[in-house]
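Asker: My questions are about this predicted structure, shown below with the sequence.
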Amino acid sequence: MRIGVVTFPGSCDDRDARAAVASMGGDPVALWHGDGDLRGVDAVVLPGGFSYGDYLRCGAIARFSPVMGAVAGFARDGGPVLGICNGFQVLCEAGLLPGALLRNAGLRFVCREVEVTVESTASAWTSACPPGTSLTIPVKHGEGRYVHDDPAALAAAGQVVFRYAPGHNPNGSLADIAGVRNPAGNVVGLMPHPEHAVDPLLGPTGGRGLFESVLTARV
Amino acid sequence: MPRVAVDVMLKREILDPQGQAVERALPSLGFAGVSDVRIGKHVELTVSDGDGEQAARQVAEALLANPVIEEFSVRLLPD
């Protein structure tokens, strides 16, 4: 299965995302922000980083890059799309995911491992995770405070995919929301970094389930 | 050519930790009685033709403000 990873100017986790895809048995494909097509990939990852310098708002400029037109079409057709950290911010700015991400409530950049609970397995990126599982995955961001005008309705619709475990909310996110999905479940975004948590040699492996989910679904 | 100002603010119901941090620093500088500090963005732009306010409003809707979290106001600046 070919999984494309988009590189924007200012992306910094694109290589780790491709390495994670490869280590999980997928075939990583490098995609460029200026490309208008997705080279026939089966899934797309928007990686972490600081696309276009995060000027104006995180993800606000990246959303207008040529590749995002292709990503939006791919997402509309049901293609699996995962936004990690800055990628999550881009998907929210693009309107492909609900809500928005703001400066951490504590105003500090946070870099640590957190525990997140899988709240919904009805998504392309969590279908192989047992529901309610707790995953240990690192976060590293300054603007990860998730806001939405009706988090209860979002949860009722099953669109809350990950929540920070009690005491683990690193940024003041509303209702401890760490990741959400679109109504169809093919588009998922989260602030923690699953691509940094796939190799037991380097620490926790809570990110493996996300890649397993998408890789097993389409094989 | 019209010069237009766009002010972008977080919606009232959205927590503004920057504003809170500034507010908390004020008493130690001797400023008493200042409250409800909110921080936003001020953007100025020149519009080459047509209705400057209308064009600036479209720019704000498309890019300068995110309607999920922010509100904006537009005003024509004096020449």
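Answerer: Sure thing, it's come through. Residues are numbered from 1 along each chain as shown, chains lettered A, B, ... in the order given.
Asker: Which residues of chain A lie near chain B?
Answerer: Counting by Cβ under 8 Å from any Cβ of the partner chain, the residues of chain A close to chain B are A:56-57, A:60, A:64, A:92-93, A:99-100, A:102-107, A:145, A:147-149, A:172. For every residue, glycine as well, the C-beta is placed using N, CA and C.
Asker: Swap in 10 Å and give it another go.
Answerer: A:56-57, A:59-61, A:63-64, A:92-93, A:95, A:98-108, A:145, A:147-149, A:172, A:174 (Cβ under 10 Å from any Cβ of the partner chain).
Asker: Those in helices, which ones?
Answerer: Of the residues of chain A next to chain B, the ones assigned to helices by DSSP state H are A:C92, A:E93.
Asker: List only those of the residues of chain A next to chain B flagged as buried.
Answerer: With burial judged by 16 or more other Cβ atoms under 10 Å in any protein chain shown, the buried subset of the residues of chain A next to chain B is A:56-57, A:59-61, A:63, A:92-93, A:98-105, A:145, A:147-148, A:172, A:174.
Asker: quick one: low-confidence ranges for the chain?
Answerer: In the absence of a named chain, chain A is used. A:218-219 (pLDDT under 70).
Asker: that's the other chain; I wanted chain B
Answerer: Along chain B, no part satisfies pLDDT under 70.
Asker: Check the secondary structure at the residue nearest to A:P204 when sequence neighbours are not counted for me.
Answerer: With sequence-adjacent residues excluded and distances taken as Cβ to Cβ, 6 or more residues apart in numbering or on different chains, A:P204 is closest to A:T136, at 3.9 Å. Assigned by DSSP: H, G, I helix; E, B strand; the rest coil, the conformation of A:T136 is strand.
Asker: For A:T136, list each beta-bridge partner.
Answerer: Beta bridges link A:T136 to A:E115 when assigned by DSSP bridges.
Asker: Sort out which residues of stretch B:66-79 are buried, please.
Answerer: Residues of stretch B:66-79 classed as buried by neighbour count (16+ other Cβ under 10 Å): B:N66, B:V68, B:I69, B:E70, B:F72, B:V74.
Asker: The second one touches A:D150, doesn't it?
Answerer: Same thing as B:V68. No. Assessed by Cβ atoms under 10 Å, B:V68 is found out of contact with A:D150, at 11.6 Å.
Asker: Next, show the common contact partners of those two.
Answerer: A:P98, A:G99 (Cβ atoms under 10 Å, 6 or more residues apart in numbering or on different chains).
Asker: got the residues of chain B near chain A?
Answerer: Contact residues, chain B versus chain A (Cβ under 10 Å from any Cβ): B:8, B:10-11, B:13-18, B:20-21, B:41, B:43, B:62-70.
Asker: B:P67 and B:K11 touch, don't they?
Answerer: Yes. Contact criterion Cβ under 10 Å: B:P67 and B:K11 qualify, at 9.2 Å.
Asker: quick revisit: report the buried members of the residues of chain B next to chain A.
Answerer: The buried subset of the residues of chain B next to chain A (16+ other Cβ under 10 Å) comprises B:8, B:10, B:14, B:16-18, B:20, B:43, B:63-66, B:68-70.
Asker: can you tell me how far A:S213 sits from A:A100?
Answerer: Between A:S213 and A:A100 the distance is 25 Å, computed by Cβ to Cβ, to the nearest Å.
Asker: Kindly report the same for A:T133.
Answerer: A:T133 is 27 Å from A:A100, where distance means Cβ to Cβ.
Asker: again, but for B:L10
Answerer: In terms of Cβ to Cβ, B:L10 sits 10 Å off from A:A100.
Asker: A:G106 now?
Answerer: Taking Cβ to Cβ, one finds A:G106 at 18 Å from A:A100.
Asker: show me where chain B has helices.
Answerer: Here chain B has its helices, by DSSP H, at B:17-25, B:52-59.
Asker: cool, chain A as well?
Answerer: Using DSSP H, helices in chain A cover A:14-23, A:66-76, A:86-93, A:151-156, A:208-218.
Asker: buried sites along stretch B:45-56?
Answerer: By neighbour count on 16+ other Cβ under 10 Å, the buried set for stretch B:45-56 is B:L45, B:V47, B:G52, B:E53, B:A55, B:A56.
Asker: Next up, the contacts around residue 50.
Answerer: I'll assume chain A. Listed by Cβ under 10 Å, 6+ apart, the contact partners of A:F50 are A:8-12, A:58-59, A:62, A:85-86, A:89, A:142-143.
Asker: Not quite, go with chain B.
Answerer: By Cβ under 10 Å, 6+ apart, the contact set of B:G50 is B:M1, B:P2.
Asker: hey, what's the closest residue to chain B within chain A bridged with?
Answerer: Nearest residue of chain A to chain B (Cβ to the nearest Cβ) works out as A:A100 at 4.3 Å. Bridge pairing for A:A100 (DSSP bridges) gives the partners A:V147.
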